[in-house]
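Asks: Provided below are the primary sequence and the corresponding predicted coordinates.
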Amino acid sequence: MAQSAEVVICGAGSAGVAAAYYLAKQQTITNVLVLDKHPPLTQTSAKSGENYRNWWPTEVMVRFMNRSIDLMEALSEASNDIFNMERRGYAYVTESIADIHNYVHHYSQLSVGDIRFHRGTHQNGTATYSPPAYRGFEGQPDGADLLLDKQIIQTTFPHFSDDIQAVIHARRCGAISAQQLGMYLLEEAKKLGVRELRGELIAIEQDHCGVRAVEVKTANGKERIETRRVINAAGPFAPHVAAILDVELPIFSVLQQKIAIQDHLGVVPRDTPFTIFMDEQHLDWSADEEQLLQSEPEYQWMLDKFPGGLHIKPEGGKDSLWIKLGWAFNRTIEQPLWEPEGTLEFPDIVLRGASRLIPELKRYIDNIPKPVVHYAGYYTKTKENLPVVGPLDVEGAYIVGALSGFGTMVSCVAGELIAAWVAGSELPDYAHQLSLARYDDPAYLASLSGMRLDGEL
Ligand SMILES: Cc1cc2nc3c(=O)[nH]c(=O)nc-3n(C[C@H](O)[C@H](O)[C@H](O)COP(=O)(O)OP(=O)(O)OC[C@H]3O[C@@H](n4cnc5c(N)ncnc54)[C@H](O)[C@@H]3O)c2cc1C
């Protein structure tokens, strides 16, 4: 039975297990306890689309993600790629090139790598662009390839609508298995002495030095664990855990969804990169459907304009039929539930939206292949969609949270950073920009109102 720990981590999602691993790696801290009400990696972390990218619109996020991808690449090598890291890139596509040069100019100022233009390289009369290797990441370029030639786009991505005018193929991007990465980190952490406890943190005792002990509700009753340091890695419940300490966090939760279906008509080529439709759109309803939606106040919003960011990718290897579709269009802030459910209309909406980009998907609209695997979980985030990693306003209390729609890809670097804060080791220069201290800076607060791009997908 655990009675004391040097550090208690509340939450064994992607954030908590990475924090445990990197704390254990610090070697100065030997007695770490991870507690969770649920089995590890079964809450938000089980809903992830499992994609990663360094393609972010702010320099701090690009550098944070580059570091996380470096860490994941090293772990992939050390573990014989137990978490299937692949790097097919992200293809951002648009029907409008009016703003493309501003967009590219913006990214060219960031540490994303070089941007290469492909205006029309034709070999033997055929436009070409070499798609990336299906697996692995070694020897692949970073940066992005910008395709502006319709013939190259259609030859490379024949399933796209011929209204697509530009493709930005960002290259230091791909997918991993979030569960395998998380379990690997947890197992390695346990080899280094980290312990696990199943239970809900319900109270935190304080004395004049700060955190003194935590109280945990377990299957065997309540347990008191003495500790001077606690890390809040409670995902959507981070504000609840902070409230135990009387700390209010600038963090909120929004339900987002994905579906997976079997593409038995073979509409999406299996080696297609993760593809994002950048444009806003109205969904294509028939006149009857439009009339019906108009008459139902509860559903009228489905006639409104939807934001850009719909995404689709082949899921699994070359022999798999599965495709995954997601669209983080919801903006409604809500109190999180432990087991959130998806909404009934989501599969139809995301398929309709996706068929604007991939017209053959229309064949599934009134005939959606069963089973539909529906994932629903929270993007727990700050207004500016940056994570919060660092100390809380109570001595000995820390947070690694607000990982929004990027918690899988950022978990390693967020774990590394929180471990550095807790162990008191040297901090990287982005540490303060990602901690709560940023909200004490009036210039930072002022910059939030003018912010245009937050990188959310
Ligand atoms: C639909 C969807 C798609 C996504 N796609 C991607 C993607 O492609 N790439 C990407 O990088 N990210 C993606 N994400 C984001 C990613 O899944 C999350 O950011 C990440 O899983 C958050 O991890 P976490 O550890 O902070 O939270 P969680 O996984 O929710 O873990 C928090 C843990 O804390 C525990 N807990 C809470 N309160 C207590 C308490 N009082 N006592 C004990 N335990 C407690 C919970 O039981 C839970 O296990 C997606 C998210 C969603 C919802």
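Replies: In hand now; what should we look at? These numbers were taken from a predicted model, which means no experiment stands behind them.

Asks: can you count the residues close to W55?
Replies: Residues near W55, counting by other Cβ atoms under 10 Å, number 26. All C-beta atoms are positioned from the backbone trio N, CA, C, and that covers glycine.

Asks: where's it, which helix or strand?
Replies: For W55, there is no host helix or strand (DSSP states H and E).

Asks: need the contact list for the nearest residue to it once chain neighbours are set aside.
Replies: In space, and not counting its chain neighbours, W55 is closest to A170: 3.9 Å by Cβ to Cβ, 6 or more residues apart in numbering. A170 makes contact with 53-55, 89-92, 112, 143-144, according to Cβ atoms under 8 Å, 6 or more residues apart in numbering.

Asks: May I see the domains of the protein written out as residue ranges?
Replies: 7-50+178-251+383-449, 252-381 (automatic domain parsing).

Asks: Between those domains, which one is closest to the ligand.
Replies: The ligand sits nearest to domain 7-50+178-251+383-449 of all the domains of the chain, at 2.0 Å, using Cβ to the nearest ligand atom.

Asks: can you give me the mean pLDDT across that closest one?
Replies: For domain 7-50+178-251+383-449, mean pLDDT is 97.

Asks: closest one to I152 among the domains of the chain?
Replies: I152 sits nearest to domain 252-381 of all the domains of the chain, at 14.8 Å, using Cβ to Cβ.

Asks: ends of the closest one, how far apart?
Replies: For domain 252-381, the first-to-last residue distance is 6 Å (Cα to Cα, to the nearest Å).

Asks: Please compute how far that domain lies from its chain's middle.
Replies: Put simply, domain 252-381 sits 17 Å off its chain's centre (Cα atoms, centre = their mean, to the nearest Å).

Asks: what does the stretch 151-300 of the chain have sitting close to the ligand?
Replies: Applying Cβ under 6 Å from any ligand atom, we find that the stretch 151-300 of the chain lies next to the ligand at 200-201, 233-237, 241, 256-258.

Asks: mind running it again at 8 Å?
Replies: Taking Cβ under 8 Å from any ligand atom as the contact definition, the stretch 151-300 of the chain meets the ligand at 175, 178, 199-202, 216, 233-238, 240-241, 255-258.

Asks: Can you say which of those are buried?
Replies: The neighbour count (16 or more other Cβ atoms under 10 Å) marks 175, 178, 199-201, 216, 233-238, 241, 255-258 as buried among those.

Asks: Confirm that I312 sits in a strand.
Replies: Yes. Assignment of I312 by DSSP: H, G, I helix; E, B strand; the rest coil places it within a strand.

Asks: Just the element for the residue lying closest to it once chain neighbours are set aside, please.
Replies: Leaving aside its sequence neighbours, I312 sits nearest to L325 (Cβ to Cβ, 6+ apart; 4.8 Å). Per DSSP H and E, L325 falls inside strand 322-326.

Asks: All the helices of the stretch 151-300 of the chain, in order from the start?
Replies: Secondary structure of the stretch 151-300 of the chain (DSSP state H, counting those that start in this stretch): helices at 178-191, 238-244, 287-295.

Asks: And S108, how close does it get to P57?
Replies: 12 Å (Cβ to Cβ, to the nearest Å).

Asks: what residues does the stretch 1-150 of the chain put near the ligand?
Replies: 10-17, 35-38, 40-52.

Asks: Test my guess that E205 contacts I225.
Replies: No. Checked against Cβ atoms under 8 Å, the pair E205 and I225 is beyond contact range at 9.9 Å.

Asks: Touching both of the two, which residues are there?
Replies: Common contacts of E205 and I225, defined by Cβ under 8 Å, 6+ apart, comprise 213-215.

Asks: Of those residues, which is the most crowded?
Replies: V214 (24 neighbours).

Asks: need the contact list for that residue.
Replies: Listed by Cβ under 8 Å, 6+ apart, the contact set of V214 reads 8, 10, 35, 201, 203-205, 224-225, 227, 230.

Asks: what is it paired to in the beta sheet?
Replies: I204, I225 (DSSP bridges).

Asks: Now do the closest residue to M65 other than its chain neighbours: how many residues are near it, please.
Replies: In space, and not counting its chain neighbours, M65 is closest to N54: 4.5 Å by Cβ to Cβ, 6+ apart. The tally of other residues near N54 (other Cβ under 10 Å) stands at 26.

Asks: Strands of the stretch 201-350 of the chain, residue ranges please.
Replies: Assigned by DSSP state E, counting those that start in this stretch, the strands in the stretch 201-350 of the chain fall at 210-218, 221-226, 230-232, 252-262, 274-277, 310-314, 322-326, 333-334.

Asks: still on that earlier bit, wait, which of the contacts of A170 is closest to the ligand?
Replies: Nearest to the ligand, judged by Cβ to the nearest ligand atom, of these is R53 at 8.5 Å.

Asks: pLDDT of the helix ranked longest in the chain, averaged?
Replies: Assignment by DSSP state H gives helix 59-78 as the longest helix of the chain. Mean per-residue pLDDT for helix 59-78: 97.

Asks: And it, what's buried?
Replies: 60-69, 71-73, 75-76.

Asks: Return the distance of it from the chain's centre.
Replies: Averaging C-alpha positions (Cα atoms, centre = their mean) puts helix 59-78 14 Å from its chain's average.

Asks: Run through who's touching the helix or strand that it is followed by.
Replies: Following helix 59-78 in sequence order, the next helix or strand is strand 90-94 (DSSP H and E). Applying Cβ under 8 Å, 6+ apart, the contact partners of strand 90-94 are 51, 53, 55, 100, 157, 160, 164-170, 173, 272-279, 357.

Asks: Tell me which residues of the next helix or strand after strand 90-94 come out buried.
Replies: Per DSSP H and E, the first helix or strand lying C-terminal to strand 90-94 is helix 100-108. By neighbour count with 16+ other Cβ under 10 Å, helix 100-108 contains the buried residues 100, 103-104, 107.

Asks: rewinding a little: beta-bridge partners for the residue nearest to I312, please?
Replies: The residues listed as beta-bridge partners of L325 by DSSP bridges are I259, I312.

Asks: Near it, how many residues? Count them for me, please.
Replies: 25.

Asks: quick thing: my sequence starts at 33, can you match it?
Replies: Sure, I'll start counting at 33 from here, so that last one is L357.

Asks: who's in contact with it?
Replies: If you count contacts by Cβ under 8 Å, 6+ apart, L357 has them with 290-293, 342-344, 382-383, 386.

Asks: what does F361 give?
Replies: By Cβ under 8 Å, 6+ apart, the contact list for F361 reads 338-339, 341-342, 381.

Asks: could you redo the last one with a cut-off of 10 Å?
Replies: 288-289, 312, 333, 336-342, 378, 381-382, 385 (Cβ atoms under 10 Å, 6 or more residues apart in numbering).
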